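Peer 1: For reference, the sequence and a predicted model appear below.
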Amino acid sequence: MASKAVPPKSSPTVKISRRGADRLRDGHVWVYRSDLISADGIPPGSLVHVADERAKPLGTALYSSASQIAIRLIARSHEEVADFPTLVRERIRQAIAYRERFVSNTDAYRLIFSEADFLPGLIVDRYNDLLSLQILTQAMDAEPVRQTVLAELTEKFHPAAIAERTDPKIRELEQLPPRPSSLLQGDKAATIFTMNGVKFHFDALAGQKTGAFLDQRENYAAAAEYAHGEALDIFCYQGGFALHLARKCSQVTGVDSSRPALEVAERNAALNVSLDPGNMNGQEIEWIEANAFDLLRDYAAAGRQYDTIVLDPPAFAKSKKTLDTALRGYKELNLRALKMLRPGGILVTCSCSYHVSQADFLEVLAQASRDVHRTLRILENRGQAKDHPTLLTVPETAYLKCLIVDVR
Ligand code: SAH
């Protein structure tokens, strides 16, 4: 966070408890509402000074009057802060510079990742000539901030359009007025993007997340390194893994419960074949609409065998409370997949639940392997792509786990 910004002297000060102050001193950037000592009458989304019980300054933060995360630090006490829009502009430039250094072989990537880019509550994804943004906090939703973000992105990228994806639940929790997903600028809502040489259709106002699972980009390429033979991509969505595997494998089947996702997957496959018939090994990917748990049970019972299986389920643990159920879900999936892998098979298994730690996930896989008497060797222990940076002292910024294992 090496930025200059001085909160106007008039900015209110929020005093926080010892526990909150310790958290910030440990390098985190959040303070929970239960750790606020005084914040009465502070307007939603304000830029505030943060101080400990003894009034010692801790930095500058964005205040939310609604979220349990009341304070999101944007600068430490030794960093000056002028005004918020200036800071936002500077941080956007830094986020872009980071991608220029570390992201390659794609025209789709996360350009700004909230806390991990020191812009809490702002997410911007680039899909070729379209940008898609999400605003999650009161401070980022303020009109002058929105205008700054749009101006900065436009100046840098001259995008054909900028879309905003809104989540009604998040807006309600943050006490923001409802707002539809829409194009904020330009009128082009669809495009084609390319990652690792594979092409994908993108529709700015449809689909899950902001359109694709960009966090898996590097894992797609890694999975394709090891994939071989007959492959199964479970929870395939629009074909992220399947399309990459198709270049290496003799036969690929993608499975998802969402018909709209599979329709895009099929269009994506056709697009890649039409542009380069050799690209997909001359094969047709089979897309199956099914509940993954049912399908795996049936296929395992029928004695089906594969050489490569990808498991990339949705987040099973949305909160700590559902952790045990989630772990059982992960175990069942992995167990069934392991049963179906031929010796020398490759399992690519993912979890995007923040609440499931790396250690939990490894333990679940170990349990599954013991139950089915298979020996696993970890080829790669991976996380999210570098355009979704992880802040070492903010564990919540790391959520994706992707293990690639050799199964004996
Ligand atoms: N692997 C994908 C992302 C998967 S996201 C990619 O890289 O792009 C999780 C997917 O699981 C979603 O597409 C969702 O439709 C699907 N899904 C959720 N529950 C399911 C279930 N019970 N059976 C099959 N698919 C399911």
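Peer 2: Ah, there it is.

Peer 1: could you list every residue that touches the residue in the stretch 301-408 of the chain that the ligand sits nearest to?
Peer 2: Closest approach between the stretch 301-408 of the chain and the ligand, counting by C-beta to the nearest ligand atom: residue 312, at 3.5 Å. C-beta here means a position set from N, CA and C on the backbone, and glycine is covered the same way. In this structure, residue 312 makes contact with 213, 216, 233, 234, 235, 236, 237, 240, 241, 348, 350, 352, judged by C-beta atoms under 8 Å, 6 or more residues apart in numbering.

Peer 1: contacting residues for the second one?
Peer 2: If I follow you right, that is residue 216. 240, 241, 312, 350, 384, 385, 400, 402.

Peer 1: Quick check: it vs the ligand, distance?
Peer 2: 4 Å (C-beta to the nearest ligand atom, to the nearest Å).

Peer 1: For that residue, what are phi and psi?
Peer 2: Backbone torsions for residue 216, taken as degrees, to the nearest 10, come to phi -90, psi 0.

Peer 1: Let me know the pLDDT of it.
Peer 2: Note on residue 216: pLDDT of 98.

Peer 1: Begin at 37 from now on, thanks
Peer 2: I'll keep to 37 as the first residue from here, and by that count the last item is residue 252.

Peer 1: what about the helices in the stretch 287-436 of the chain?
Peer 2: In the stretch 287-436 of the chain, the helices defined using DSSP state H, counting those that start in this stretch lie at 295-311, 328-337, 359-376, 394-407.

Peer 1: With the stretch 137-286 of the chain instead?
Peer 2: Using DSSP H, counting those that start in this stretch, helices in the stretch 137-286 of the chain cover 174-177, 179-193, 204-209, 253-262, 276-281.

Peer 1: C-alpha coordinates for the third one, CSV please?
Peer 2: In this case it means helix 204-209. Listed next in CSV are the C-alpha coordinates belonging to helix 204-209 (Å, rounded to 0.1, in the frame of the first residue of the first chain):
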residue,chain,number,x,y,z
PRO,A,204,-29.2,-8.0,-5.2
LYS,A,205,-28.3,-9.9,-2.0
ILE,A,206,-25.0,-8.1,-1.6
ARG,A,207,-26.5,-4.7,-2.3
GLU,A,208,-29.2,-5.3,0.2
LEU,A,209,-26.8,-6.5,2.9
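
Peer 1: follow-up on the earlier one: may I ask which two of the contacts of residue 348 are separated the most?
Peer 2: Greatest spacing in the contacts of residue 348, by C-beta to C-beta: 269 and 388 (15.6 Å).

Peer 1: more crowded one of the two?
Peer 2: Between residue 269 and residue 388, counted using other C-beta atoms under 10 Å, residue 269 has the larger neighbour count: 31 against 19.

Peer 1: Tell me the spatial nearest neighbour of that one, not counting adjacent residues.
Peer 2: Excluding its sequence neighbours, the residue lying closest to residue 269 (C-beta to C-beta, 6 or more residues apart in numbering) is residue 278, at 4.0 Å.

Peer 1: Pull the contacting residues for that neighbour.
Peer 2: Contacts of residue 278 (C-beta under 8 Å, 6+ apart): 267, 269, 272, 288, 289, 290, 301, 305, 321, 346.

Peer 1: gap between the third one and residue 182?
Peer 2: Residue 272 sits at a distance of 35 Å from residue 182 (criterion: C-beta to C-beta, to the nearest Å).

Peer 1: Between these two, which has more neighbouring residues?
Peer 2: Neighbour comparison, residue 272 and residue 182: the larger count goes to residue 272, with 27 against 18 (by other C-beta under 10 Å).

Peer 1: bridging residues for the residue lying closest to that one once chain neighbours are set aside?
Peer 2: Closest residue in space to residue 272, ignoring its immediate chain neighbours: residue 290 at 3.4 Å, by C-beta to C-beta, 6+ apart. Beta bridges link residue 290 to residue 269, residue 323, judged by DSSP bridges.

Peer 1: For the residue of the stretch 87-236 of the chain at minimum distance from the ligand, grab the count of nearby residues.
Peer 2: Distances between the stretch 87-236 of the chain and the ligand by C-beta to the nearest ligand atom are smallest at residue 236, namely 9.1 Å. Using other C-beta under 10 Å, residue 236 has 24 neighbouring residues.

Peer 1: What about the ligand: which of the contacts of residue 278 touch it?
Peer 2: Restricting those to those touching the ligand (C-beta under 6 Å from any ligand atom) yields residue 272.

Peer 1: which two in the contacts of residue 278 are spaced the farthest apart?
Peer 2: 305 and 346 (15.7 Å).

Peer 1: Which one of the helices of the stretch 137-286 of the chain has the poorest average confidence?
Peer 2: Across those, helix 204-209 gives the lowest mean pLDDT, at a mean of 94.

Peer 1: quick one: contacts of that one?
Peer 2: Against helix 204-209 from outside (C-beta under 8 Å, 6+ apart): 102, 103, 172, 213, 214, 215.

Peer 1: Those residues in strands, which ones?
Peer 2: In strands, judged by DSSP state E, none of the contacts of helix 204-209 are found.

Peer 1: Which residue does the chain have closest to the ligand?
Peer 2: When scored by C-beta to the nearest ligand atom, the chain has residue 276 as its residue closest to the ligand, at 2.9 Å.

Peer 1: and that residue, how many residues sit next to it?
Peer 2: Per other C-beta under 10 Å, the neighbour tally for residue 276 reads 27.

Peer 1: ok, it touching residue 249?
Peer 2: Yes. Contact criterion C-beta atoms under 8 Å: residue 276 and residue 249 qualify, at 5.7 Å.

Peer 1: just to revisit the earlier point, for the contacts of residue 252, which single residue is the most surrounded?
Peer 2: Sorting the contacts of residue 252 by how many neighbours each has (other C-beta under 10 Å) puts residue 277 first, at 29 neighbours.

Peer 1: Tell me which residues touch that one, please.
Peer 2: With contacts defined as C-beta under 8 Å, 6+ apart, residue 277 is in contact with 252, 256, 259, 269, 346, 348, 384.

Peer 1: What is the neighbour count of the second one?
Peer 2: This points to residue 256. Residue 256 has 22 nearby residues by other C-beta under 10 Å.

Peer 1: which ones are touching it?
Peer 2: Applying C-beta under 8 Å, 6+ apart to residue 256 gives the contacts 231, 232, 234, 276, 277, 280.

Peer 1: try 7 Å this time
Peer 2: Residue 256 makes contacts with 232, 276, 277, 280, as judged by C-beta atoms under 7 Å, 6 or more residues apart in numbering.
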